[in-house]
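Coordinates for the following, if possible.
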Amino acid sequence: MDTEKPKVSIVSTSAVLLRSFNYGETSRVLRLYTRDFGLVSVMAKGIRRRGARGRAAFGTFSRGEITFYRKSTRELQTFKEFAVEDGGRSFGRDVTRFAGASVLAEIVLAHAGPDRNTELFTRLTAGLHRIESKESPDVVNVVLSEGWMLVGVLGYEPQLDDCVRCSLSLEGCGIGRFDYTAGGICCSDCGVDVTGPRIGPLAREQLAALLHGVELENIDRSRAHLRLLHDFSQYHLSGSKPLRSFAFLASLTENDGDGQSEG
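Below you'll find the model as predicted:
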């Protein structure tokens with residue numbers, strides 16, 4: 001008996017363009033996170049050809065409505081059009097904003113799949129909007145907050161209130177250790193054989209605030225916080241592959257410590 005072949009349908013959904021690269025002489029492959037279809041890759045044939053419809057009308061971090069020809073069994077879909085609502089031009093004019101947006105994009109690209117996740121889509125677009133609205137010196141603080149919230153939406157929020165090994169309350173405790181494998185902070189007794197960074201009361205308090213979206217005016221050792229977010233994301237989200245956008249953003253921040261998260 002013949003089995004029915006999957007049909008090609010034309011679909012439209014809200015989307016944000018996270019990454020693109022040239023394919024051949026005239027085409028581009030676009031990777032977008034969409035409200036209704038999760039992470040989607042589309043082939044935009046001829047988009048780079050002079051006079052092509054939509055040519056140069058959108059860039060990385062553009063938001064709008066993508067229309068494409070979708071086939072459920074195909075990983076690379078076919079582009080039809082992208083109606084841009086926000087071209088994200090401020091990212092192109094400010095390297096720090098672009099680097100911060102790249103961190104959020106890479107977190108999503110590292111772990112999100114083709115399943116619908118409206119909470120993740122909302123969090124991602126809200127994070128990009130926050131980065132756009134901030135002055136450059138404040139971008140890192142926003143990225144740390146939005147990055148940790150994305151990690152939480154993806155199901156990997158770290159445990160900060162109690163020791164991940166013995167369940168002892170960490171309130172009033174001194175220096176602990178961040179245990180990537182266990183997914184949170186160990187008390188000083190349980191952390192003797194843990195190689196993760198040292199976490200003091202201030203750093204733990206700041207991390208908890210970031211996870212809840214609190215906008216902190218000043219973060220001690222922001223590069224150490226970036227490294228913590230990167231290493232946790234690398235362990236849990238990217239299959240141990242380095243997330244290069246973190247190093248790029250860190251290189252744009254002032255040297256603010258020795259890399260430990262004590263405080």
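
which one's the longest strand in the protein?
Assignment by DSSP state E gives strand 9-23 as the longest strand of the chain.

Moving along the chain from it, name the first helix or strand you hit.
Next along the chain after strand 9-23, taking DSSP states H and E as the criterion, comes strand 27-34.

Check which helices and strands that following strand is in contact with.
Applying 3 or more CB pairs under 8 Å, 6 or more residues apart in numbering; DSSP states H and E, one finds that strand 27-34 contacts strand 9-23, strand 38-44, strand 76-86, helix 118-133. All C-beta atoms are positioned from the backbone trio N, CA, C, and that covers glycine.

Over stretch 131-142, what's the mean pLDDT, rounded is fine.
Mean per-residue pLDDT for stretch 131-142: 85.

now the end-to-end length of it.
Stretch 131-142 has an end-to-end distance of 6 Å (CA to CA, to the nearest Å).

Can you mark which positions in it are buried?
For stretch 131-142, burial by neighbour count (16 or more other CB atoms under 10 Å) applies to 131-132, 134, 138-142.

cool, stretch 164-180 as well?
Those would be 164-165, 170, 173, 175-180, for stretch 164-180 by 16+ other CB under 10 Å.

in what helix or strand does the residue nearest in space to the middle of the chain lie?
Central residue of the chain (CA atoms, centre = their mean): L104, 2.5 Å from the mean position. Assessed by DSSP H and E, L104 sits inside helix 95-111.

returning to that earlier point: among the helices and strands packed on strand 27-34, which is the most enclosed?
Mean neighbour count (mean count of other CB atoms under 10 Å) peaks for strand 38-44 among the helices and strands packed on strand 27-34, with a mean of 20.

Direction-wise, compare that one with strand 76-86 and give the angle.
100 degrees (axes from the mean of the first three to the mean of the last three CA atoms, to 10 degrees).

so what does strand 38-44 touch, helix or strand wise?
Strand 38-44 packs on strand 27-34, strand 63-70, strand 76-86, going by 3+ CB pairs under 8 Å, 6+ apart.

returning to that earlier point: helices or strands next to the longest strand of the chain in the packing?
strand 27-34, strand 63-70, strand 76-86, helix 95-111, helix 118-133.

what distance separates that strand from the centre of its chain?
17 Å (CA atoms, centre = their mean, to the nearest Å).

List the pairing partners of that strand within its sheet, with orientation.
strand 27-34 (antiparallel), strand 63-70 (antiparallel) (DSSP bridges).

Show me the one of the ones you listed that comes nearest L202.
Set against L202 and scored by CB to CB, the strands paired with strand 9-23 come closest in strand 27-34, at 34.0 Å.
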